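A.B. asks: Attaching a predicted model along with its sequence, questions to come.
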Amino acid sequence: MCIRGRLNLSSTIGDATFASRALHRRASDTRPSRSRCVSVPPDPTPPSEAVSDLDDGTRFYEAVLGVIGYRKLEIRGRTVGFGKEYLEFWINLLFSG
């Protein structure tokens, strides 16, 4: 992914020349350039699925996710987290209000 725009990247990149060019380039310049792109890490929020019955959903996902080595790691009221060593998938009780 490439972020384009007026960013001060000198503190992140450590290259004042790069930051200066990024700040002063023409707005009409839309050509991709590796020197002007910044990698963006993926969203750290684990995926989740809504279920209408938390107990049934927990049993179902324990069986399904167990095939790939996931187990139930955490229960927080209306949500259950699954993963191998850390939380990688959540199920949430469907809001019906």
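C.D. replies: Thanks, I have it.
A.B. asks: Could you give the backbone dihedrals for Val80?
C.D. replies: As for Val80, its main-chain torsions (degrees, to the nearest 10) stand at phi -130, psi 130.
A.B. asks: Bridge partners for it, pull those for me.
C.D. replies: Ile75, Ile91 (DSSP bridges).
A.B. asks: Can you check the pLDDT for it?
C.D. replies: Turning to Val80, the model gives it a pLDDT of 97.
A.B. asks: and if you look at Ser28?
C.D. replies: The pLDDT attached to Ser28 in the predicted structure is 49.
A.B. asks: Pro44 now?
C.D. replies: pLDDT, Pro44: 73.
A.B. asks: Doesn't it lie inside a strand?
C.D. replies: No. Secondary structure assignment places Pro44 outside any strand; it is coil (DSSP: H, G, I helix; E, B strand; the rest coil).
A.B. asks: begin at 30 from here
C.D. replies: Got it, the first residue is 30 from now on, which makes the last one we talked about Pro73.
A.B. asks: and it, how many neighbours?
C.D. replies: 5 (other CB atoms under 10 Å). (Each C-beta comes from the backbone N, C-alpha and C, glycine too.)
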